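J.: Sequence first, predicted coordinates after that:
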Amino acid sequence: MFELSPLARDASAEKVAAHDEQAAELARYKLGRLSAKDADGYHRVTCPALLGKVRCPLREASMMLDLTRPEVISPPEHPPTCCTQRSLTVPPQVNAKTAQKHDYPSRSWRRSFARRTGVERSNARVKDPATIDIGKGWCRLMGLVGPTLFLAVALAVRNLAIADAFEVRRANDERRQRVGRAPRTRRRRRTTLSDLVGASP
């Protein structure tokens, strides 16, 4: 559970549902936040047993909770700090580079990450010299209005291309489902060393 990894791109609907359920459960029983970040970036968290989320023998009061709560069967022999104190302070250095808005790798995180990769693909596409090419010197107009208008039109063209490609893929998938045929995979052409050696100059 604690080593939950992101979903594969070709995951089935059943695997997606099971993965989302595990991610939601992992987020539900994580350390509970007690305060917002102060001016220096510190905040306090506490054990989920103290918040009434789980039953734990290390927290006697939590054992009085309803039996529908999950119970820690094998508590650690040497409890960590979160099990011996009522709360602990998290400094700003902890997860300074990896802290994210959404719990990793939950459904909300997956949607946000997909949006980010989509934006990066669009940026790469409009900067590609073979397509729109908004590199240095692409617009000869001065000021902000002209280049901004041109850039908005370029991004609109890119979005329309994405929508057209999506419709084509969906139509192909529906056609394959009607005829009961799996999508064909492209066979790679492989040139061996013997082919290269035997090739005529």
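T.: Right, received. Where do you want to start? What you are looking at is a predicted structure, and each value in this text was computed from that prediction instead of being measured.
J.: Can you tell me how far the residue most central in space within the chain is from L4?
T.: Nearest to the mean C-alpha position of the chain, by Cα atoms, centre = their mean, lies R110 at 3.4 Å. Distance of R110 to L4, computed by Cβ to Cβ, to the nearest Å: 12 Å. Backbone N, C-alpha and C define where each C-beta goes, glycine included.
J.: cool, and G118?
T.: Relative to L4, and taking Cβ to Cβ, G118 is found at 24 Å.
J.: Same question for L65.
T.: Here the criterion is Cβ to Cβ. By it, L65 lies 26 Å from L4.
J.: If you count surrounding residues, which of those two has more?
T.: It is L65, of L65 and L4, that has more neighbours when counted by other Cβ atoms under 10 Å, with 17 against 14.
J.: My read is that that one contacts R55, right?
T.: Yes - between L65 and R55 there is a contact under Cβ atoms under 8 Å: 5.3 Å.
J.: Domain parsing of this protein, as residue ranges.
T.: Domain ranges of the chain: 13-90, 107-179, per automatic domain parsing.
J.: now those domains in JSON lines, with mean pLDDT and distance to Q100?
T.: Shown next, in JSON lines, are the domains of the chain (pLDDT from 0 to 100; distance: least, Cβ to Cβ, whole Å):
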{"stretch": "domain 13-90", "mean pLDDT": "89", "distance to Q100": "12"}
{"stretch": "domain 107-179", "mean pLDDT": "85", "distance to Q100": "7"}
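J.: Tell me which of the ones you listed sits most buried.
T.: domain 13-90 (a mean of 14; mean count of other Cβ atoms under 10 Å).
J.: For the host helix or strand of A27, name the packing helices and strands.
T.: Element membership for A27, per DSSP states H and E: helix 13-28. Packing partners of helix 13-28 (3 or more Cβ pairs under 8 Å, 6 or more residues apart in numbering; DSSP states H and E): helix 107-127.
J.: Mind giving me the packing neighbours of the helix it packs on?
T.: Using 3+ Cβ pairs under 8 Å, 6+ apart: helix 107-127 touches helix 13-28, helix 145-179.
J.: Make a markdown table from these and add distance to Y42 to it.
T.: Below are the helices and strands packed on helix 107-127 laid out as a markdown table (distance: least, Cβ to Cβ, whole Å):
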| stretch | distance to Y42 |
| --- | --- |
| helix 13-28 | 22 |
| helix 145-179 | 41 |
